[in-house]
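Enquirer: Any chance you could fold what I've pasted below:
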Amino acid sequence: MRIFAVLTLMCIFLAPTTAGESCRPMEYDVSEICCPMCDKGSVVKRNCTQDSSTSCTPCERGTYMDMASGLSRCYSCRTCKAEQGLVAERECTREQDSACTVLDGFYCQEPNQESGCTLAQKHTQCNASQMTKLPGTRGTDTVCEDCKTGYYSTPGLKCTEGKSSCGNGKVLQKGSQTKETVCNTAPRRHHYDVILSVMLLLLHG
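Expert: Down below sits the predicted model:
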């Protein structure tokens, strides 16, 4: 009786799954037959039959499969394009897709835990009349701030205090938040030349 029970259980586990029944984990259904899945890094070359098991083939270069499956085609590896501000942080293998990170001067707008950065953007360049409050990083954009009254910034990096007046000189161009005040002051040498000329005239006179 015990032998009959054991044989019955063996028949249940070894018999192929019939229509209407779900396949076991690590199996996939093909024409009402449950076939063993291919391991990650490979895909199905030929489905199993009643007399043979699944035939698998490894993913070709430039493709990958990151899970066991009954799929017949590998996924294409992701390309990290420099013109999009991306560079490969992890190369693609048969079992894992590539991961991208950002180039210098860019920050990641759409980070992904598995594939790194999926969308990069150039750091904002602060305008003239602004200063760089916080420089951009790989994960954040540049933060700009307007210069205060009386300060100016030409390259958009640092606000510098401008001249409040030209003293004895003449204002040629009034300063603003983007440019310094331009003054017209006569060089000292010019004054000395005038005084010397007057003294020479008096001596010869």
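Enquirer: Could I get the full set of helices for the chain?
Expert: 2-14, 188-204 (DSSP state H).
Enquirer: Comparing these by mean pLDDT, which bottoms out?
Expert: Note on the helices of the chain: lowest mean pLDDT is at helix 2-14, with a mean of 41.
Enquirer: In this protein, where is pLDDT below threshold?
Expert: Applying pLDDT under 70 to the chain flags residues 1-21, 163-205.
Enquirer: Mark out where each domain of it begins and ends.
Expert: 17-76, 79-122, 130-183 (automatic domain parsing).
Enquirer: Pretty sure residue 46 sits against residue 55.
Expert: Yes - look at residue 46 against residue 55 with CB atoms under 8 Å: they come within range, at 3.9 Å. C-beta coordinates here come from the backbone N, C-alpha and C atoms, glycine included.
Enquirer: can you list the domains of the chain in a markdown table and add mean neighbour count?
Expert: Compiled in a markdown table, the domains of the chain are given as follows (neighbours: other CB atoms under 10 Å):
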| stretch | mean neighbour count |
| --- | --- |
| domain 17-76 | 15 |
| domain 79-122 | 16 |
| domain 130-183 | 14 |
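Enquirer: Residue 60 and residue 110: what is the separation?
Expert: 28 Å (CB to CB, to the nearest Å).
Enquirer: ugh, wrong one, I meant residue 80
Expert: Applying CB to CB to residue 80 and residue 110 gives a distance of 14 Å.
Enquirer: Show me the beta-bridge partners of residue 108.
Expert: The partner list for residue 108 in beta bridges (DSSP bridges) reads residue 120.
Enquirer: what distance separates the start and the end of stretch 111-131?
Expert: 28 Å (CA to CA, to the nearest Å).
Enquirer: and if you look at stretch 117-134?
Expert: 22 Å.
Enquirer: Likewise for stretch 68-76?
Expert: This stretch, stretch 68-76, spans 16 Å end to end (CA to CA).
Enquirer: Pull the residues that contact that stretch.
Expert: Stretch 68-76 has contacts (CB atoms under 8 Å, 6 or more residues apart in numbering) with 26-30, 35, 37-40, 43-45, 47, 54, 59-60, 62-66, 94, 97.
Enquirer: for residue 140, what are its contacts?
Expert: By CB under 8 Å, 6+ apart, the contact set of residue 140 is 107, 134.
Enquirer: do you know how far the residue nearest to residue 155 when sequence neighbours are not counted is from residue 28?
Expert: Leaving aside its chain neighbours, residue 155 sits nearest to residue 128 (7.1 Å; criterion: CB to CB, 6 or more residues apart in numbering). For residue 128, the distance to residue 28 equals 63 Å [CB to CB].
Enquirer: Likewise for residue 104?
Expert: Relative to residue 28, and taking CB to CB, residue 104 is found at 45 Å.
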